[in-house]
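**Q** need a 3D model of the sequence below.
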Amino acid sequence: MTASDAIPAAAAGSSEAATRLWDAVIGAYELEEQEMVLLVQACRTVTTLDALNAEVQRAGAVVATAGGGTKPNPAVVEARQQGAALARIIATLRLPAGEAGDRPQRRGTPRGYGLGLVR
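**A** Predicted coordinates for the structure are as follows:
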């Protein structure tokens, strides 16, 4: 293996879960440049989710307001949005789930295109 063949490492500052995701995908698949960009985004999102979850563990799912009431911790709301974003990124990568081994077919157009769903 030459230096140019070396498997790239996860970005500095990545969470443990993000590093595991990076290592699992990079170790199993040869990604094209656009797929690498998506994987980087997925790992950043996982790191963000880990930080948000730590904040919820620290402060709780419900926080006090200035008026003496309570409201959902903003970290819970953001974690829900980040989780949805992560799901979209992973779906766009089209990685197989489980032990299938084969990658799903690549599509030439976005889902819904040609069906009147995407304009």
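**Q** please identify which helix or strand holds the residue most central in space within the chain.
**A** Closest residue to the average C-alpha location of the chain: A42 at 3.0 Å, with C-alpha atoms, centre = their mean. Using DSSP states H and E, A42 maps to helix 33-59.
**Q** what's downstream of that helix, the next helix or strand?
**A** Following helix 33-59 toward the C-terminus (DSSP H and E): strand 62-64.
**Q** direction included, what does the next helix or strand after that next one pair against?
**A** Moving toward the C-terminus from strand 62-64, the first helix or strand encountered (DSSP H and E) is strand 70-72. Strand pairing for strand 70-72, using DSSP bridges, gives strand 62-64 (antiparallel).
**Q** what lies in contact with the partner strand?
**A** For strand 62-64, contacts defined as C-beta atoms under 8 Å, 6 or more residues apart in numbering pick out T70, K71, P72, N73, P74. For the C-beta atoms, the positions are set from N, CA and C on the backbone; glycine is no exception.
**Q** hmm, which of those residues are the buried ones?
**A** Buried residues within the contacts of strand 62-64, counting neighbours by 16 or more other C-beta atoms under 10 Å: N73.
**Q** now render the contacts of strand 62-64 as a markdown table, adding pLDDT and distance to V63.
**A** Below are these laid out as a markdown table (pLDDT from 0 to 100; distance: C-beta to C-beta, whole Å):
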| residue | pLDDT | distance to V63 |
| --- | --- | --- |
| T70 | 96 | 7 |
| K71 | 95 | 6 |
| P72 | 95 | 8 |
| N73 | 96 | 5 |
| P74 | 96 | 8 |
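**Q** perfect, that will be all.
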